[in-house]
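Fold the stuff below for me.
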Amino acid sequence: MESRLSGRFLGFLIAVASMIVAWELFQTVREYFIPPEPRLIAQRPSLSSYENQTIRIFETNKNSVVYISTAQSVVDVWTRNVYNIPRGTGSGFVWDETGHIVTNYHVISKANSANIRLSDGRDYPASLVGAAPELDLAVLKIDVTFKPPRPIALGTSHDLKVGQNVYAIGNPFGLDWTLTTGIVSALDRSIGDRNSAIHHLIQTDAAINPGNSGGPLLDSAGRLIGVNTAIFSPSGAYAGVGFAIPVDIVNEVVPQILKKSSLSLQPIFI
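Sure thing, here's the model as predicted:
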């Protein structure tokens, strides 16, 4: 009798153990073949007025910002063949409806050719209209015969205040059409040495990195207030101090470049 009960008890234990093993196996298989249920999504309130304003500024002006890539001609010393090698990239923006693009002079300096890419993916070769190297400004031209991009609305810089919001759009490190935000950190800054200093610059903490050069600095109304031109950084990357050429200077120099170009007998090409 005891032997029969012991056999039943042992069978019961084996059955329980088998069920436990089967359950563990089921759970293991389930993890692999049955995806877990997604978590519930928490609802968020409407975007803040500041967020909506930032989005509106970007959406309104991104199509007016361009991506600039340049190339430099080099001669093979053995074959005497000429090759174009990539030299660098930068930013620019549409100045008027006839295809003029404003950028920094150092973006196209020493280049033999430049290409402009619009936000919709169209590419155009660019010619150099003229430049003011002492102010780090240059004007390019593309032949846009279909759907020319809209020029950025012009603002003023003489009435800027330290602390007001600013927005920069450009192509840092080749990451096209990037928006960064900040404030006017200081005014009337100078950079460069005694022989090549640029004066009356806007200082901003909006993130500006290599590739942002030549892009627009905008105010909270989406108006152009400056051209991003340089950064102060021991490492060569963003360190919280960027500089922009005030739009009042730009609006004085660019028309002079265009007027001088219209009087020239020959166009100037990069």
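
ok, residue 154 touching residue 248?
No - assessed by Cβ atoms under 8 Å, residue 154 is found out of contact with residue 248, at 9.9 Å. (Glycine included, C-beta is placed from N, CA and C.)

Which one of these two is surrounded by more residues?
Higher neighbour count among residue 154 and residue 248: residue 248, with 18 against 13, using other Cβ atoms under 10 Å.

What is the three-state secondary structure of the residue lying closest to the more buried one once chain neighbours are set aside?
Taking Cβ to Cβ, 6 or more residues apart in numbering, and ignoring the residues beside it in sequence, residue 248 has residue 157 as its nearest neighbour in space, at 4.7 Å. Of the three states, residue 157 takes coil according to DSSP: H, G, I helix; E, B strand; the rest coil.

what's the neighbour count on residue 157?
23.

any residues in contact with both of residue 154 and residue 248?
Shared contacts of residue 154 and residue 248, defined by Cβ atoms under 8 Å, 6 or more residues apart in numbering, are absent.

Can you pull the poorly scored residue ranges out of the stretch 101-250 of the chain?
Applying pLDDT under 70 to the stretch 101-250 of the chain flags residues 233-239.

what are the ranges of the strands in it?
Here the stretch 101-250 of the chain has its strands, by DSSP state E, counting those that start in this stretch, at 113-117, 123-132, 137-141, 165-170, 178-191, 198-204, 216-218, 224-231, 242-246.

And the ones you listed: which comes nearest residue 93?
strand 216-218 (4.6 Å; Cβ to Cβ).

if I look at residue 28, how far off is residue 20?
Separation of residue 28 from residue 20 (Cβ to Cβ, to the nearest Å): 13 Å.

hmm, back to that, which of the strands of the stretch 101-250 of the chain is buried the deepest?
strand 216-218 (a mean of 28; mean count of other Cβ atoms under 10 Å).

That one: partners in the sheet, and parallel or antiparallel?
If you go by DSSP bridges, strand 216-218 pairs up with strand 165-170 (antiparallel), strand 224-231 (antiparallel).

so how far is the last one from its chain's centroid?
Strand 224-231 sits 13 Å away from the centroid of its parent chain (Cα atoms, centre = their mean, to the nearest Å).

quick one: it to strand 242-246, angle?
140 degrees (axes from the mean of the first three to the mean of the last three Cα atoms, to 10 degrees).

Ok, the first one next?
Counting by the same axes, to 10 degrees, strand 165-170 points 100 degrees away from the direction of strand 242-246.

Verify the stated contact: residue 204 with residue 184.
Yes - because the distance of 5.9 Å satisfies Cβ under 8 Å, residue 204 is recorded as touching residue 184.

Dump the strands paired with strand 216-218 to a markdown table, plus distance to residue 209.
Putting these into a markdown table (distance: least, Cβ to Cβ, whole Å) gives the following:
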| stretch | distance to residue 209 |
| --- | --- |
| strand 165-170 | 8 |
| strand 224-231 | 7 |
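
To residue 141, which of the ones you listed lies closest?
Comparing these by their distance to residue 141 (Cβ to Cβ), the top pick is strand 224-231, with 17.1 Å.

Specify the angle between the closest one and strand 137-141 in degrees.
Going by the same axes, to 10 degrees, strand 224-231 makes 110 degrees with strand 137-141.

which residues sit in contact with residue 107?
68, 70, 88, 90-92, 138, 213-214.

Sorry, slip of the keys, the one I care about is residue 89.
By Cβ under 8 Å, 6+ apart, the residues touching residue 89 are 67-70, 171, 174, 211.

Determine the three-state secondary structure at it.
Applying three-state DSSP: residue 89 is strand.

Setting aside sequence neighbours, what's the nearest residue to it?
residue 69 (5.0 Å).

Equivalent analysis for residue 91, please.
Closest residue in space to residue 91, ignoring its immediate chain neighbours: residue 215 at 3.4 Å, by Cβ to Cβ, 6+ apart.

Torsion angles phi and psi at the one you found?
Phi and psi for residue 215, reported as degrees, to the nearest 10, are phi -80, psi 170.
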